[in-house]
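*Asks:* Attaching a predicted model along with its sequence, questions to come.
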Amino acid sequence: MQSALVPLRSLGQNYLNRRYTILFYALVFTLVASPVTAAFGLNGDLIESFLAATLLVAVMPVSRGKIRTLLLAVLMALWLARPVTAWLGQPTLSQVTLAAWTLIGLLAAVLRCALLWVVQGLMRNIYLLR
């Protein structure tokens, strides 16, 4: 059993080391795949699900804990709510879930920038104290 977990752990470690590179190329793929699906007249649900998965992976914290589990549960529920509400013929609820995904993405970007700003400020203060 332990030998079966070794490749999974190494895959997870490789992902964590290259997390933002993988997310960048996933978004580039989405930019390329979106016009292709439109050109072939295909439904955009697959692209939308891929974007939701990308946002889910981008927002998830690396450390384990209760907050991570709660965040994962909420994001998975929102991920599933969009296609379910569209399938049930509830366009208003479908738009609400899309708005929730948009707010999650914007909040994640704002929090990341704020955290980066705080860390840079702390580093400047440490440098000035030397």
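*Replies:* Perfect, thanks for sending it.
*Asks:* host element of L42?
*Replies:* Under the criterion DSSP states H and E, no helix or strand holds L42.
*Asks:* Let's see the pLDDT reported for it.
*Replies:* At L42, the pLDDT value in this model is 81.
*Asks:* got it, and the one 3 residues further on?
*Replies:* Model confidence at D45, given as pLDDT, is 73.
*Asks:* Next: G65.
*Replies:* With respect to pLDDT, G65 scores 68.
*Asks:* Could you check how far G12 is from R18?
*Replies:* G12 sits 11 Å away from R18, going by C-beta to C-beta, to the nearest Å. For every residue, glycine as well, the C-beta is placed using N, CA and C.
*Asks:* contacting residues for the residue most central in space within the chain?
*Replies:* Residue closest to the average C-alpha location in the chain (C-alpha atoms, centre = their mean): L55, at 2.0 Å. Residues counted as contacts of L55 (C-beta atoms under 8 Å, 6 or more residues apart in numbering) are L75, W101, I104, G105, A108.
*Asks:* Helices of this protein, residue ranges please.
*Replies:* 2-17, 19-39, 45-59, 66-87, 91-129 (DSSP state H).
*Asks:* mind listing what's buried in the longest one?
*Replies:* If you call a residue buried by 16 or more other C-beta atoms under 10 Å, then helix 91-129 has these buried ones: S94, T97, L98, A100, W101, I104, G105.
*Asks:* Could you do the second one as well?
*Replies:* With burial defined by 16+ other C-beta under 10 Å, the residues of helix 19-39 counted as buried are I22.
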